[in-house]
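J.: I would like to see how this sequence folds:
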Amino acid sequence: MVSQISTAQLAERIDSGESFALIDTRLEDSYDGWHINGSANVPFHPDDGLSEDDLDRVEAAADGQPVVAICGKGLTSAPFAFALEDHGYDVTVVKGGMEDWSTVYEVVPVETATDDLVVVQLQRRAKGCLGYVIGSKRAGEAVVVDPTRQTDRFKVVAQEAGLTIDRVLDTHVHADHISGGATLAGELEVPYHLGEHATDRAVEYDYEPLADGETISVGDVEIEVTTLHTPGHTTEMVNYLVDGEILLTGDTLFVESVGRTELQFGDEDASEGAALLYESLHETILELPDDTLALPGHVSVAADGTYAVGSPGETIGAHLGTLREELELLGLSEDEFVERLTENAPEKPANYEQIIAINTGSEAPDDENEATELETGPNNCAA
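T.: Next comes the predicted model:
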């Protein structure tokens, strides 16, 4: 009998090391562009049925194990599963397919130096987007930084920690995913913040600008805008220094790389952005103490779903002293840095121009389905 599981249950099975064969029934191009690590590709269309070659490929992938079938939206994997069942296979179908897989989250508490400070990293597993709930236990207050479109995930994390969200902050106008910042703030009727240079991006959402050095308090915890201008990835990028020990770096500095510069600046002016980013890194971020923990806005995710550093469920972050020693890009001269960032740039995020337009408020997706399709696939924000 064919059964169903959710994408969250699939993640649990993968992480627990359960033995099964995951078979992706999408077309080869879609599979090659983005898939789950360890899955096998057997393209299937219900009108065509299963060929002998298909059955051979399934047999090789399954090797006697149960089969779990996944497709784009959960539409073709079901008939594929029934066809396999007729051939004696034990098959489970993943509801919602890869679209739902893109909304699986890991909730990772981050160790802090004080009992009062709560920091939780929310990892959007398939895309590598990282958002944060920052709060004070004693005050029962929190802010959310860089929330994604699935705003309920952030509400639940705050609620389970006994915290009330009273502000929402974005580090910048995102290009790889639709921000949930303005939406979450509107749902909760709390202030939404960007750096004051967001006016340069023609942001149409209502927001309260934060100036360089401005401090907002969450109970006894101070969240400080370390600098208004950490430009490079974008012109309005800001980083947030939390209680003097944690730096939320957005897309300025990742554990494995730095932010790319041509998504806003364009290919012709990417070198200008790279020079600005070099200055932001060396004259602002790396001036902070080495034991400052940098928590980025993304982790790079390969086409097969693997993280460039760490694993889902582990804290993605590193101390600045470690990054200074181990991240090659930070040891380059300015000329070398600019050249490295502007030559052989990686493929741009899918639909990034439309996503930027949505995140500035000049456009809106037609419906939830379009929003989901615009975001499908991993982020490509690192240089």
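J.: so which residues of the stretch 51-200 of the chain form strands?
T.: With strands called from DSSP state E, counting those that start in this stretch, the stretch 51-200 of the chain shows them at 67-70, 91-94, 105-110, 117-124, 129-136, 141-145, 164-169, 192-195.
J.: quick one: which of those strands is nearest G313?
T.: Among these, the nearest to G313 by Cβ to Cβ is strand 105-110 (4.7 Å). Every residue, glycine included, has its C-beta placed from N, CA and C.
J.: need the contact partners of the closest one.
T.: 118-125, 150, 153, 157, 246, 293, 295, 312-317 (Cβ atoms under 8 Å, 6 or more residues apart in numbering).
J.: for the strands of the stretch 51-200 of the chain, give me a markdown table that also has mean neighbour count and distance to D29.
T.: Formatted as a markdown table, those follow (neighbours: other Cβ atoms under 10 Å; distance: least, Cβ to Cβ, whole Å):
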| stretch | mean neighbour count | distance to D29 |
| --- | --- | --- |
| strand 67-70 | 26 | 16 |
| strand 91-94 | 24 | 20 |
| strand 105-110 | 17 | 27 |
| strand 117-124 | 24 | 24 |
| strand 129-136 | 26 | 24 |
| strand 141-145 | 26 | 36 |
| strand 164-169 | 22 | 37 |
| strand 192-195 | 26 | 37 |
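J.: in JSON lines, list the ones you listed along with mean pLDDT and distance to S16.
T.: Converted to JSON lines, the strands of the stretch 51-200 of the chain look like this (pLDDT from 0 to 100; distance: least, Cβ to Cβ, whole Å):
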{"stretch": "strand 67-70", "mean pLDDT": "96", "distance to S16": "13"}
{"stretch": "strand 91-94", "mean pLDDT": "96", "distance to S16": "15"}
{"stretch": "strand 105-110", "mean pLDDT": "97", "distance to S16": "14"}
{"stretch": "strand 117-124", "mean pLDDT": "97", "distance to S16": "18"}
{"stretch": "strand 129-136", "mean pLDDT": "96", "distance to S16": "23"}
{"stretch": "strand 141-145", "mean pLDDT": "96", "distance to S16": "30"}
{"stretch": "strand 164-169", "mean pLDDT": "96", "distance to S16": "32"}
{"stretch": "strand 192-195", "mean pLDDT": "96", "distance to S16": "39"}
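J.: which among those is found nearest to V238?
T.: strand 192-195 (3.8 Å).
J.: with just CA atoms, put that closest one into CSV.
T.: Output of strand 192-195 as CSV, limited to C-alpha atoms (Å, rounded to 0.1, in the frame of the first residue of the first chain):
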residue,chain,number,x,y,z
TYR,A,192,9.8,47.1,10.7
HIS,A,193,13.4,48.3,10.3
LEU,A,194,16.0,48.7,7.5
GLY,A,195,19.1,50.7,7.4
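J.: got the domain boundaries for the chain?
T.: 3-101, 105-375 (automatic domain parsing).
J.: packed most tightly, which of those would that be?
T.: domain 105-375 (a mean of 20; mean count of other Cβ atoms under 10 Å).
J.: who's in contact with T376?
T.: 34, 98-99, 102, 350 are the contacts of T376 under Cβ under 8 Å, 6+ apart.
J.: one more time with 10 Å
T.: Going by Cβ atoms under 10 Å, 6 or more residues apart in numbering, T376 touches 30, 33-34, 72, 98-99, 101-102, 126-127, 350-351.
J.: mind putting those residues into TSV with distance to Y89?
T.: Shown next, in TSV, are those (distance: Cβ to Cβ, whole Å):
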residue	distance to Y89
S30	23
G33	27
W34	25
G72	21
M98	21
E99	24
W101	22
S102	27
A126	26
K127	31
A350	34
N351	37
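J.: and which of the residues you listed is nearest to G181?
T.: For the contacts of T376, the residue nearest G181 by Cβ to Cβ is K127; the value is 16.1 Å.
J.: still on that earlier bit, can you list the contacts of T376 in JSON lines and add pLDDT and distance to S51?
T.: Shown next, in JSON lines, are the contacts of T376 (pLDDT from 0 to 100; distance: Cβ to Cβ, whole Å):
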{"residue": "S30", "pLDDT": "92", "distance to S51": "19"}
{"residue": "G33", "pLDDT": "88", "distance to S51": "24"}
{"residue": "W34", "pLDDT": "90", "distance to S51": "25"}
{"residue": "G72", "pLDDT": "93", "distance to S51": "21"}
{"residue": "M98", "pLDDT": "94", "distance to S51": "23"}
{"residue": "E99", "pLDDT": "92", "distance to S51": "27"}
{"residue": "W101", "pLDDT": "94", "distance to S51": "27"}
{"residue": "S102", "pLDDT": "92", "distance to S51": "30"}
{"residue": "A126", "pLDDT": "92", "distance to S51": "30"}
{"residue": "K127", "pLDDT": "92", "distance to S51": "34"}
{"residue": "A350", "pLDDT": "82", "distance to S51": "31"}
{"residue": "N351", "pLDDT": "89", "distance to S51": "34"}
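J.: can you show me the CA trace of stretch 207-215 as CSV?
T.: Extracted in CSV, the C-alpha atoms of stretch 207-215 (Å, rounded to 0.1, in the frame of the first residue of the first chain):
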residue,chain,number,x,y,z
TYR,A,207,9.8,51.0,7.6
GLU,A,208,11.6,52.8,10.4
PRO,A,209,15.2,53.5,9.3
LEU,A,210,18.1,52.7,11.6
ALA,A,211,21.1,55.1,11.5
ASP,A,212,24.8,54.2,12.0
GLY,A,213,25.5,53.4,15.6
GLU,A,214,21.8,53.5,16.7
THR,A,215,20.9,51.1,19.5
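J.: mean confidence score for it?
T.: Throughout stretch 207-215, pLDDT has a mean value of 91.
J.: contact partners of it?
T.: Here stretch 207-215 makes contact (Cβ under 10 Å, 6+ apart) with 167-170, 181-182, 185, 191-199, 203, 216, 222-229, 236, 238, 240-241, 284, 361.
J.: now, these that are in helices?
T.: 181-182, 185 (DSSP state H).
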